[in-house]
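K.L.:
Requesting a structural model of the entry that follows:
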Amino acid sequence: MPGVLVIEALAQCGAILALREIEDRDSKLVFFTGIKEARFRRPVVPGDTLVLEVTALRTGSRIQRMRGEAKVEGQLCADAELTSIVANR
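P.N.:
Numbers count the residues shown, from 1 in each chain. The predicted structure follows:
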């Protein structure tokens, strides 16, 4: 699995996390705005089970910052700090 898709998967998990914290989530959209300190540590190959973990670093009404880690069998494959904004639909 290409590293860019691992980061995309982490960003989508982060969007789910951000929306879970908002009360009127049906009227909101989450937009991915940035990535910092992305590191790719080992390849993800067919047959691997990728486990994604996203932790909120900053949750505001508009700007969200998260730390994401992707692991296979407990070994870190990729990690990054992700930023997104929450906007009205």
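K.L.:
hey, what's the nearest residue to Cys77 once chain neighbours are set aside bridged with?
P.N.:
Excluding its sequence neighbours, the residue lying closest to Cys77 (C-beta to C-beta, 6 or more residues apart in numbering) is Ala70, at 4.8 Å. Yep, even glycine has a C-beta here, placed from its N, CA and C like the rest. Beta-bridge partners of Ala70, counted by DSSP bridges, are Leu52, Ala78.
K.L.:
list the contacts for Ala70?
P.N.:
Ala70 sits next to Val6, Ala9, Leu10, Val44, Leu50, Val51, Leu52, Glu53, Leu76, Cys77, Ala78, Asp79 when contact means C-beta atoms under 8 Å, 6 or more residues apart in numbering.
K.L.:
now Val54
P.N.:
Taking C-beta under 8 Å, 6+ apart, one finds Leu10, Cys13, Gly14, Leu17, Met66, Arg67, Gly68, Glu69, Leu82 in contact with Val54.
K.L.:
rerun at 10 Å
P.N.:
Going by C-beta atoms under 10 Å, 6 or more residues apart in numbering, Val54 touches 9-18, 66-70, 82.
K.L.:
In strands, which of those residues fall?
P.N.:
Met66, Arg67, Gly68, Glu69, Ala70, Leu82 (DSSP state E).
K.L.:
Pick the one among those closest to Thr33.
P.N.:
Closest approach to Thr33 among the ones in strands among the contacts of Val54 (C-beta to C-beta): Leu82, at 8.7 Å.
K.L.:
State the distance from that closest one to Glu73.
P.N.:
23 Å (C-beta to C-beta, to the nearest Å).
K.L.:
more neighbours, these two?
P.N.:
Leu82 (25 against 8; other C-beta atoms under 10 Å).
K.L.:
Am I right that the more buried one is in contact with Met66?
P.N.:
Yes - counting by C-beta atoms under 10 Å, Met66 is a contact partner of Leu82 at 4.9 Å.
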